[in-house]
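Student: fold the following.
(chains A and B)
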Amino acid sequence: MRFSGLIAGLFFGFTAANGQVGTIPSADTLYGSADEIVVTATRTEKKLGNVAVPVTLISSKQIAQAGSVRLADILQEQTGLFLTSGFGAGVQMQGLNPDYTLILLNGEPLVGRTAGILDLNRITVGNIKQIEIVKGPSSSLYGSEAMAGVINIITTTPIKNELALSARYGSFNTSDVNATFNISKNKFTYQGFVNNYHTNGFSLRPNSQTSFVTPINRFTQQHQLGYQISDKTKLLGSVRFNRERITNEIAVENNGVIVNSQGKESNDDANFSATLLHKFNSSVRTSAKLYATTFMSEQELATTSGAPYTDYFKQHFLRFETQTDIVVSKNLETSIGAGYLVDRANSTRYDKRESTKENSVGYAFFQSEWKPIERLVIIGGARYDHNALFAAAFSPKLALKYSITNKINVKASVGRGFKAPDFRQLYLNFTNTAAGGYSVFGAIEAQKIISALKGIGQIASIEQDYYSLAALQPEFSTGYHASFDYAPSAKHNFSVGLFYNNINNLIDSRLVAYRPGGAQIFSYLNVKTAFTKGLEFNGEHKFGKYYLISSGYQFLLSGDASELDKIEEGKVFTRDANGYSKRLHASEYVGLPNRSKHQFNLKLQYQKEQVFATVRALYRSSWYVTDTDGNGLYNTNDSKALGFVQFNATIGLPLTKNITMQAGCNNIFNYRDPINMPNFMGRTGFISINFSLKQSIEKSTP
Amino acid sequence: MKKIIYTIFAFLLFAACTKENNTTKVEPVVSKTVKDLPADTIIGITPGVPPLGGMPFGAGKYTFYSLERGVIVPSTDSATNKWDIAFRGTAIITNSGNGGPGAGGGFVFVGLFEDLKTIHSDSTFRTENIPTAYAIPFGSNRGWYVYDGLKNLVTPIPGRVLVIRTATGKFAKVEILNYYKGGVTPAATASDNVKMRDQRYYTFRYSYQPNGSKSF
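Tutor: Numbers count the residues shown, from 1 in each chain, chains lettered A, B, ... in the order given. You can find the predicted model right below:
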């Protein structure tokens, strides 16, 4: 841990990478450790090597060496994760949309999604200790949204006195500044962290006045307090504020008239948590957590003509949760927990800003980990969510890990996950103001509005789907996973995993009515099923004293079983080169849109003490974007975005004992696709300076 | 005796052949493609904002077409049997019911143009009752096309054949191939101006059976 820890410490102002646990040191190796601790997989601290479900751990060192600044930057370099654009950067995991991945900050959910997407650029990586990614349904532990998986961001905690600063400057006048201040004295610990990010934005279309990424300013501050009340009891508190300001000048073309407009957007979120930890004895410990978070978003668009457009969204989320972990015997550990949460939202996207939408959930869960024999670990668990607005959800899970030898592990798991309909799917009230003039209403809202409009003769006709709106249900998924891990020596390790997710009750928008004049009204219904299945490979090979080569690959297939049935029955058509209809073959079906079949990454790394260099290549194959032939599903005749490779490189070296320097270039060969990836930047470069005053403070406070 | 049997057999065979030849010889059913038939092209935009205003509009006139003669029929002949189908925007009507004085009608067949060799005897031809019930159902994903509100594009659904009974009670089959000028749908990223300017130009192919039978 010496070198890697030092790099991480200098860059992030934090020394021990496993500080949150504190008690179990990592092995002192150049390339990281097999003893890394993860908490997300089982909700208890476990060595990464002992966990029965697939977990990916991204260390602060990895984040530093990739030169990442925002959470999206580092996630896009991971095997099996794709960033999506539109309403911010979301992440597609195991082929499932961003809506189905739960994002946690120190185990607590982040809220404030737009169209189901939580913008990962909202989160700075400046004070992250590690990121844990659990793929497959984890709803039995985390409840709604944890259908594709969970991403848990774990921030550093202070165990030593320290002051660290880092500053970075890059293309498009992008700057990122971090400051961390740690104090650890007697029974008291404090960490203050601030981050400021600014970018001027960029435009990919030379003649366009529109910047796709617009001038943005983000400011984050986080304060974490810890107090050891007694040997057995500890109190932790954390507050975090995140502030985002975006300004924009856009030219909107409406019916041939160019309207210049001035936009302002602000996104603020605040998180507050208080945790009481108590150890009754060596085998029983309990925690009680109170967590509150608020997200507020406001957009204003003032145009040269017409009324200004405003969008306002505010969400409050309050949760109380308790969990008790019991070591029953040497071979059996059990956790039980329960909680209650209230979720409230106000928005101009709903009927009116003043009317508060509310949902509350009471839940309970348990999990047991049993080692019947030395080589076998079996984990069973379940969770029950009682939802105020919907039917209850029961999510069980079973996982096992068997060590064939010390070098070979086999894991298998099956679980059920769910996602409750969100406020948007219930209450959205949106009418498009450009040509076309369609409306989208949430399921509850649509029933109310359409029956009111019908009463005054403003509905021309009602579609059959309208009558299904009353029965909206949560989406359910069953996930299966099996993997094989092989680590022949400390220098090599490989893992191959297979996954299969079967999703029922998928909610999608459907046409439910027409207004007079033909304008369409859409709403949300449980209309689809979907599956995603594939293979994931990860491997690492160390050679020489200083080199590491690592690679990852994901093969992904997706689709909708009912669509495949229709193709088999010969009821789906497309067009030939003459524009004449022809029957679609099953082989021409490509499954769900926006999914690449192949993803490959390769990383070459050199590291000698504090000097390092990495080159990363990221490839994704083509993906389908538009149903151009009008048959309602995606096939080889539809339009697609082309596959591409992106090359990134970073180097770092020490300048003095306390100062290190880093420089990097992303997208070296300047690949761009303005149509399909409007916010994918061309080539960018950066340089950063990292400064740590750890030792001098440490001396002054022995 | 054998000779007689052979002769009779040959005669019967000849008769059978000539009978068959008579039906197919009259006029072979060929398919014809019509390009860029204007259908009430856009001349302006309604005042106001969507969903009630801001809609493109044309002159509000149908373009009448005779499948029998393969020509556009002047609108002065709209109240006659000279036309078989008419186009206005995405609405396609037959010369029947309250749409015209003819004996027309129609329905949408799901399948391939070539596969429709014979109109099934129990098929029901719908007649016009505009605006509540069109023979060819009106609206996105109901009849021959799907409209994508987000991209503002109309796409003919592949595998949809409009089975038409003409004004004089003959039969024809029609496949709409495209809704935009030049038979090319604008790119999804094209401006609304282009999408509006180029829309309402039909490209379609059809087969007309002049002998009154339901076979093509």
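Student: point out where chain B drops to low pLDDT.
Tutor: Applying pLDDT under 70 to chain B flags residues B:1-28, B:48-54.
Student: gap between residue A:163 and residue A:432?
Tutor: Computed as C-beta to C-beta, to the nearest Å, the residue A:163 to residue A:432 distance reads 51 Å. For every residue, glycine as well, the C-beta is placed using N, CA and C.
Student: same question for residue A:218.
Tutor: Taken as C-beta to C-beta, the span from residue A:218 to residue A:432 is 29 Å.
Student: residues near the closest residue to residue A:597 other than its chain neighbours, how many?
Tutor: Sequence neighbours aside, residue A:621 is the residue nearest to residue A:597 in space, at 5.2 Å (criterion: C-beta to C-beta, 6 or more residues apart in numbering or on different chains). Using other C-beta atoms under 10 Å in any protein chain shown, residue A:621 has 17 other residues around it.
Student: right, and residue A:562 touches residue A:531 too?
Tutor: No. Contact between residue A:562 and residue A:531 fails when scored by C-beta atoms under 8 Å: they sit 10.8 Å apart.
Student: check contacts around the residue nearest to residue A:597.
Tutor: A:596-599, A:643 (C-beta atoms under 8 Å, 6 or more residues apart in numbering or on different chains).
Student: just to check, residue B:208 is in contact with residue B:165?
Tutor: No. Look at residue B:208 against residue B:165 with C-beta under 8 Å: they stay out of range, at 11.4 Å.
Student: quick check, central residue of chain B?
Tutor: Centroid-nearest residue in chain B, with C-alpha atoms, centre = their mean: residue B:174, separated by 3.9 Å.
Student: name the helix or strand for that residue, please.
Tutor: strand B:171-180 (DSSP states H and E).
Student: what packs against that strand?
Tutor: strand B:153-156, strand B:160-165, strand B:199-209 (3 or more C-beta pairs under 8 Å, 6 or more residues apart in numbering or on different chains; DSSP states H and E).
Student: paired strands for it, with orientation please.
Tutor: strand B:160-165 (antiparallel), strand B:199-209 (antiparallel) (DSSP bridges).
Student: any figure for the gap between the spatially closest residue to residue A:600 that is not a sequence neighbour and residue A:79?
Tutor: Spatially, and ignoring its direct neighbours in sequence, residue A:600 is nearest to residue A:619 (4.4 Å; C-beta to C-beta, 6+ apart). Distance of residue A:619 to residue A:79, given as C-beta to C-beta: 11 Å.
Student: need the residues touching each of the two.
Tutor: A:599, A:601.
Student: thinking again about what came up before, compare residue B:208 and residue B:165 (neighbour count), which wins?
Tutor: residue B:165 (26 against 23).
Student: who touches the closest residue to the more buried one other than its chain neighbours in this structure?
Tutor: Excluding its sequence neighbours, the residue lying closest to residue B:165 (C-beta to C-beta, 6+ apart) is residue B:105, at 4.3 Å. When contacts are counted by C-beta under 8 Å, 6+ apart, residue B:105 touches B:94, B:96-97, B:125-127, B:135, B:164-165.
Student: same question for residue B:156.
Tutor: Contacts of residue B:156 by C-beta under 8 Å, 6+ apart are A:630, B:144-145, B:176-179.
Student: residue ranges for the strands of the stretch 551-700 of chain A, please.
Tutor: A:573-575, A:581-583, A:598-608, A:611-620, A:623-626, A:639-641, A:644-654, A:659-666, A:684-692 (DSSP state E, counting those that start in this stretch).
Student: let's have those strands in CSV, adding mean neighbour count and distance to residue A:135.
Tutor: Formatted as CSV, the strands of the stretch 551-700 of chain A follow (neighbours: other C-beta atoms under 10 Å in any protein chain shown; distance: least, C-beta to C-beta, whole Å):
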stretch, mean neighbour count, distance to residue A:135
strand A:573-575, 21, 34
strand A:581-583, 20, 37
strand A:598-608, 18, 14
strand A:611-620, 18, 18
strand A:623-626, 19, 20
strand A:639-641, 17, 24
strand A:644-654, 18, 23
strand A:659-666, 19, 25
strand A:684-692, 19, 29
